[in-house]
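Chemist: kindly return the folded structure for what I paste below:
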Amino acid sequence: MTQEYDKSILKWADSLIEGQPEGRISEHEMEELLKLEYNTSVQINSLLYIVNTYKLTESARKKFLESLRVVIAGEYAAPHSPRRSREEINDDLNTEIEKLNIEIAYLKKESGHVGGQ
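Modeler: Coordinates of the predicted model:
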């Protein structure tokens with residue numbers, strides 16, 4: 001099954017790194033990317049594609065993971081969810097972030113792709 005991507009999001013990411021030293025997405029550019037609405041699976045796949053395949057500064061990667069942490073925490077804090085301790089939520093978030101880091105490393109290794117297109 002082939003993944004679909006939102007070409008406008010990918011083009012915007014390309015424009016953000018145009019002229020940047022080493023063609024990297026910085027923390028500032030990541031903040032700009034995270035301001036977009038990600039309401040469809042195609043849009044979410046596009047953001048994940050960017051994070052998995054484009055060069056990111058360490059601070060940009062941390063900004064993405066912090067944003068992911070907030071989204072996941074919001075899901076755990078939903079009214080229908082049972083009350084959980086901060087430690088339980090942090091443990092779950094750390095587990096999810098570790099899974100994402102493993103997946104990112106695997107995808108980078110498999111694709112051999114380190115820049116945007």
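
Chemist: next one: stretch 36-50 to chain centre, how far?
Modeler: Relative to its parent chain, stretch 36-50 has a centroid offset of 9 Å by CA atoms, centre = their mean, to the nearest Å.

Chemist: distance of residue 9 relative to residue 38?
Modeler: Distance, residue 9 to residue 38, by CB to CB, to the nearest Å: 9 Å. For the C-beta atoms, the positions are set from N, CA and C on the backbone; glycine is no exception.

Chemist: give the residue spans of the protein that score low on pLDDT.
Modeler: When residues are selected by pLDDT under 70, those of the chain lie in 1, 71-86, 89, 111-117.

Chemist: quick one, helices of it?
Modeler: In the chain, the segments counted as helices under DSSP state H are 7-17, 27-34, 41-53, 58-76, 86-111.

Chemist: got the ones you listed as TSV, with mean neighbour count columns?
Modeler: Formatted as TSV, these follow (neighbours: other CB atoms under 10 Å):
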stretch	mean neighbour count
helix 7-17	16
helix 27-34	18
helix 41-53	18
helix 58-76	15
helix 86-111	12
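
Chemist: I am finished for the moment; much appreciated.
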